[in-house]
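Novice: generate a structure from the sequence data that follows.
(2 chains)
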There are 2 protein chains.
Amino acid sequence: MIRVSILGSGNVATHLINAFLKADAVELVQVYSRTIGAIEHLKNDVQITDTTQNLIPVDVTIIAISDDTIAEFSNQLNIKGVVAHTSGSVSITDLNDSLSKGVFYPLQTFSKDKGVDFSEIPICLEAENNETLNILKKIASAISDKVYEVNSIQREKLHLAAVFVNNFTNHLYQIGNSICDEHKIPFEILHPLIKETACKIKEISPKDAQTGPAKRKDFKTIDKHLNQLSEQEKKIYTILTNSISKTYQ
Amino acid sequence: MIRVSILGSGNVATHLINAFLKADAVELVQVYSRTIGAIEHLKNDVQITDTTQNLIPVDVTIIAISDDTIAEFSNQLNIKGVVAHTSGSVSITDLNDSLSKGVFYPLQTFSKDKGVDFSEIPICLEAENNETLNILKKIASAISDKVYEVNSIQREKLHLAAVFVNNFTNHLYQIGNSICDEHKIPFEILHPLIKETACKIKEISPKDAQTGPAKRKDFKTIDKHLNQLSEQEKKIYTILTNSISKTYQ
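Specialist: Take a look at the predicted model:
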């Protein structure tokens, strides 16, 4: 059984802890948080500590803390075994050179209160050598069916792509929501459309799935829409319509 | 049993025909298409015609043809019973005044080759009087669990909101896809994130679900992202980032 510790108590740490506690091939040995109160509820399942000096030797230590504190935090660690961080945007080389470095990046949007099925979450791995990669593959496969090898440059690009398909998409949902609210239309009428739009791209590429006035170059409808929007919404509508039109020239 | 005919053979017509053929409370009597070849495969299930003069009297006639031909087409009809169109953007008043007018708008993105579960598709109804509304409600409830009463102005706003949450969202997926392709990353790594982003808003409003550098006002990450994008992508990134920032001021 591979012995694992997790350093952190945020969203990613919480979901990883739950997943590893359920996994057969992994023994979750210890959880660290600088605020012991944040992990006290775990003390019946696993050892807990708020002091890095008290870390017990394990095979893999996972650092699941906020991106901009990873490098400095890793300098405080004096541990053997593999040390991997969970960030989409931090390079593997930001970890202290004394460590056996790796990256263990689960690509998903996590909310603390919402359960996730970890088996469907892609885990993107990177390691400085094959031995480290293999042990990370083993613990990743213990909790997920979707394990990928992704280098630091690819991971940076994935993170960028995720901003478009997650952050920006959610903002478009919010605009849709506010248009509905303004006209006393239940936003739930749009839920099935939103779900189908997201599910469709598993079968058809987004390029082939595109529909709507921008693709059809239906300027009559486009003008009608622009006249109904606020200045801010108009800018977004225009730039996205132009971008779609250019794609299908 | 309510007797229904469908005029049209496009995506919406095809899915409606399939749904009504399965529904117990509705008898699909006739299907019209100006191109008889497009509906010939239906001749064992229902009467077919390519001539409006041959339309059999029914309780409800549904016009499922392209938006800009509805008004003119309705002028050719000399029929009794309710006549409803299926368009999101055409007013109920565009139907010829001699008819008992209604709207029967299923709000979903339809692909001809992809099956849909009609019971989950919201149907937005409008009618010029209660009697017409009631019969439309009956046939809508026969195929869907989600029936809404929506007036022409609300329907126009819904259609506009749908452009944001469907057309524009799909374009963001395409940008994500092209970033992946460029760096030899399988786009499928992003599928679970896309699905979760879409499903999350059933439980949390998009406003509360928002995450990412724009909301955090993390200008370091924003600058890093901008430097990696094409001119067109940069414009989209900037306008959406500004809009998110303003929302959380």
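Novice: phi, psi of residue A:4?
Specialist: Per-residue torsions, residue A:4: phi -130, psi 140 (degrees, to the nearest 10).
Novice: strands along chain A, start to end?
Specialist: Remark: strands assigned in chain A by DSSP state E are A:2-7, A:26-32, A:47-49, A:60-63, A:82-85, A:100-106, A:123-127, A:147-149.
Novice: so does stretch A:148-163 get close to chain B?
Specialist: Yes: legend: contact between stretch A:148-163 and chain B by Cβ under 8 Å from any Cβ of the partner chain is shown at A:148, A:150, A:153, A:154, A:156, A:157, A:158, A:160, A:161, A:162, A:163. All C-beta atoms are positioned from the backbone trio N, CA, C, and that covers glycine.
Novice: now the buried members of the residues you listed.
Specialist: Neighbour counting with 16 or more other Cβ atoms under 10 Å in any protein chain shown marks A:148, A:150, A:154, A:156, A:157, A:158, A:160, A:161, A:162, A:163 as buried within those.
Novice: does stretch A:83-93 reach chain B?
Specialist: Yes: Stretch A:83-93 comes into contact with chain B (Cβ under 8 Å from any Cβ), by way of residue A:89.
Novice: enumerate every residue touching the closest residue in space to residue A:192 that isn't next to it in sequence.
Specialist: Setting aside the residues directly before and after it, residue A:192 is nearest to residue B:120 in space (Cβ to Cβ, 6 or more residues apart in numbering or on different chains), at 5.4 Å. Residues in contact with residue B:120 (Cβ atoms under 8 Å, 6 or more residues apart in numbering or on different chains) are A:192, B:144, B:145, B:146.
Novice: pLDDT score assigned to residue B:120?
Specialist: pLDDT, residue B:120: 92.
Novice: please report the distance of it from residue B:86.
Specialist: Note on residue B:120: its distance to residue B:86, by Cβ to Cβ, to the nearest Å, is 17 Å.
Novice: outline the domain layout of chain A.
Specialist: Domain ranges of chain A: A:2-150, A:155-247, per automatic domain parsing.
Novice: let's have these in CSV, adding distance to residue B:217.
Specialist: Shown next, in CSV, are the domains of chain A (distance: least, Cβ to Cβ, whole Å):
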stretch, distance to residue B:217
domain A:2-150, 14
domain A:155-247, 13
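Novice: closest to residue B:62 out of these?
Specialist: domain A:155-247 (19.6 Å; Cβ to Cβ).
Novice: what ranges does chain A have for its helices?
Specialist: Listed in chain order, the helices of chain A (DSSP state H) span A:11-22, A:70-75, A:130-143, A:152-162, A:169-182, A:191-200, A:206-209, A:213-216, A:219-226, A:231-247.
Novice: any weak-confidence spans in chain A?
Specialist: Scanning chain A for pLDDT under 70 picks out A:112-113.
Novice: what's the neighbour count on the closest residue in space to residue A:171 that isn't next to it in sequence?
Specialist: Among residues not flanking residue A:171 along the chain, residue B:244 sits closest, at 5.2 Å (Cβ to Cβ, 6+ apart). Per other Cβ atoms under 10 Å in any protein chain shown, the neighbour tally for residue B:244 reads 22.
Novice: so residue B:244 sits against residue A:167, correct?
Specialist: Yes: using Cβ atoms under 8 Å, residue B:244 is in contact with residue A:167, at 7.2 Å.
Novice: what's the overlap in contacts for the two?
Specialist: B:210, B:212, B:214, B:215.
Novice: give the burial count for residue A:47, as a bare number.
Specialist: 15.
Novice: was I right about it contacting residue A:27?
Specialist: No: the pair residue A:47 and residue A:27 does not pass the contact test of Cβ under 8 Å, sitting 11.2 Å apart.
Novice: what pairs with the closest residue to residue A:151 other than its chain neighbours across the strands?
Specialist: Excluding the flanking residues, the one nearest residue A:151 by Cβ to Cβ, 6+ apart is residue A:126, at 5.8 Å. Residue A:126 has these beta-bridge partners by DSSP bridges: residue A:103.
Novice: hang on, the earlier thing: can you pick the most crowded of the shared contacts of residue B:244 and residue A:167?
Specialist: residue B:214 leads the shared contacts of residue B:244 and residue A:167 on contacts (other Cβ under 10 Å) with 27 neighbours.
Novice: which residues are in contact with that one?
Specialist: With Cβ under 8 Å, 6+ apart, residue B:214 has these contacts: A:167, A:171, B:222, B:240, B:241, B:242, B:244, B:245.
Novice: filter those residues down to the buried ones and express that as a ChimeraX selection.
Specialist: Applying 16+ other Cβ under 10 Å to the contacts of residue B:214, the buried members can be selected in ChimeraX as follows:
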select /A:167,171 /B:222,240,241,244,245
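Novice: among the contacts of residue B:214, which pair sits farthest apart?
Specialist: Taking Cβ to Cβ, the two most distant members of the contacts of residue B:214 are A:171 and B:222; they sit 14.1 Å apart.
Novice: am I right that residue A:171 is in contact with residue B:207?
Specialist: No: with contact defined as Cβ under 8 Å, residue A:171 does not reach residue B:207; the gap is 9.5 Å.
Novice: what do those two both touch?
Specialist: Counting by Cβ under 8 Å, 6+ apart, the contacts common to residue A:171 and residue B:207 are residue B:247.
Novice: tell me the one of the contacts of residue B:214 nearest residue A:97?
Specialist: Nearest member of the contacts of residue B:214 to residue A:97, counting by Cβ to Cβ, is residue B:222, at 29.3 Å.
Novice: how about the contacts made by the closest one?
Specialist: Contacts of residue B:222 by Cβ under 8 Å, 6+ apart are B:213, B:214, B:241.
Novice: hmm, back to that, let's have the buried ones among the residues of stretch A:148-163 next to chain B in JSON lines, adding distance to residue B:70.
Specialist: As requested, those are exported to JSON lines (distance: Cβ to Cβ, whole Å):
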{"residue": "A:148", "distance to residue B:70": "49"}
{"residue": "A:150", "distance to residue B:70": "50"}
{"residue": "A:154", "distance to residue B:70": "49"}
{"residue": "A:156", "distance to residue B:70": "49"}
{"residue": "A:157", "distance to residue B:70": "45"}
{"residue": "A:158", "distance to residue B:70": "45"}
{"residue": "A:160", "distance to residue B:70": "43"}
{"residue": "A:161", "distance to residue B:70": "40"}
{"residue": "A:162", "distance to residue B:70": "41"}
{"residue": "A:163", "distance to residue B:70": "40"}
